[in-house]
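Visitor: what shape does this take:
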Amino acid sequence: MTAYLGRRLGYYAVLLLVAVCLSYLLASTVLDPRAYFADRHPVPPPAAVDAHLTALGVDDRTALGLRLWHWLTGALTGDLGRTIDDAPVSAELGRRVGVSLRLLIAGTAIGTVAGTLAGAWTAVRQYRPSDRAVTLLSFLLLSLPTFLLAVLLKIGAIRLNAALGFDLVKFTGEKDPDLHGGLLATLRDRGVHLLLPTLSIGLVTAASYSRYQRNTMLDVLGADYLRTARAKGLSRRATLLRHGLRTALIPMSTYFSYGFLALFTGAIFTEMIFGWHGMGEWLVESIGKNDVNSVTAVSAFAAVVVLLSGFLADVLHAALDPRVRA
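Guide: Have a look, this model is predicted:
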């Protein structure tokens, strides 16, 4: 198992390098940093713009390959360059990563667990009213765009607060800037602000996972090894959990790594709507400013997250399937 995971980790390291290089090349080709300064009033002198872009390492007069090499050598030492406004990219990345990870990890964990349990439960209760109700709710959530679901949750929170006469649910920002109190007050404030964004991501995640988990669970319910386990005296619940669900989770572990990129994309809209200053908001702002270094940093973060999810899927696959360990 260790050799298998070591090989997979090596593959992911190569994929990460390729993804980062392609991200930089694409950002440098598509984005035009000079347009950011051309829209200013008054327009800076061309010599000043050239000097600034040269200092940032994004001057289009320099060969693209040389710019890429300069950025990669700096990234290996932790220097991701500077933003188009001449601020350190690494510092901005570190601040925003914590914001986005709190949102992604909470929403993904809740949605994955809830969706997996709901899918397995509805498969066992196939065609019963509970199965049809969960199916209807899942398709309803999947048919709603992420930004529309976030807006509906926000409207619901506004009406609930108006009915109660006080702000029970906070929906703007990740924390209250005027908060005073100790650790418990801080944790409560963060939890209240995290509720709606997490719910927005978790509901879509649970709906998607429940559909896939239901289908994979149905594929194993009539398997011979389940009937053999029952014939040997194992209870129905133990048979379903120990042999049925474990086998049905194997393809889901692979789907997890590919589905995480969609979650990251959905989090961009969620952050913008709920006022979270995370990676998604930064990506939109950086594209608008034609900021090559910042866009590359966000793309690299997305690649790291997806590849780590893939590695976690490999770990789960090896833990669930003895043939992989052998």
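
Visitor: just for this protein, where's the confidence low?
Guide: 1, 181, 257-266, 323-326 (pLDDT under 70).

Visitor: quick one: terminal-to-terminal distance for stretch 42-49?
Guide: 13 Å (CA to CA, to the nearest Å).

Visitor: mind listing what's buried along that stretch?
Guide: Neighbour-count burial for stretch 42-49 flags residue 49 (criterion: 16 or more other CB atoms under 10 Å). (Glycine included, C-beta is placed from N, CA and C.)

Visitor: please enumerate residues in contact with it?
Guide: 34, 37, 52 (CB atoms under 8 Å, 6 or more residues apart in numbering).

Visitor: do that again at 6 Å, thanks
Guide: residue 37 (CB atoms under 6 Å, 6 or more residues apart in numbering).

Visitor: now that stretch, how far from the centre of its chain.
Guide: 39 Å (CA atoms, centre = their mean, to the nearest Å).

Visitor: surely residue 68 touches residue 23?
Guide: No. Applying CB atoms under 6 Å as the test, residue 68 and residue 23 come out as separate, 10.3 Å apart.

Visitor: which positions in the longest helix seen in the chain come out as buried?
Guide: Ranked by residue count under DSSP state H, the longest helix found in the chain is helix 183-221. Across helix 183-221, burial judged by 16+ other CB under 10 Å covers 189-190, 192-214, 216-218, 220.

Visitor: and the nearest residue to residue 28 once chain neighbours are set aside, what does it touch?
Guide: Excluding the flanking residues, the one nearest residue 28 by CB to CB, 6 or more residues apart in numbering is residue 292, at 5.4 Å. By CB under 6 Å, 6+ apart, the contact set of residue 292 is 27, 28, 31, 58.

Visitor: list just the nearest of those residues to residue 125.
Guide: Nearest to residue 125 among the contacts of residue 292: residue 27, at 49.1 Å, using CB to CB.

Visitor: ok, the closest one to residue 311 distance?
Guide: Using CB to CB, to the nearest Å, residue 27 is found at 25 Å from residue 311.

Visitor: repeat for residue 129
Guide: For residue 129, the distance to residue 311 - CB to CB - is 40 Å.

Visitor: residue 193 too?
Guide: 31 Å.

Visitor: also residue 5?
Guide: Residue 5 is 8 Å from residue 311, by CB to CB.

Visitor: just residue 297 next, same as before
Guide: Between residue 297 and residue 311 the computed distance is 21 Å (CB to CB).

Visitor: which one of the two has more residues nearby?
Guide: Higher neighbour count among residue 297 and residue 311: residue 297, with 30 against 16, using other CB atoms under 10 Å.

Visitor: who does the longest helix of the chain touch, helix- and strand-wise?
Guide: helix 89-124, helix 129-143, helix 146-164, helix 246-274 (3 or more CB pairs under 6 Å, 6 or more residues apart in numbering; DSSP states H and E).
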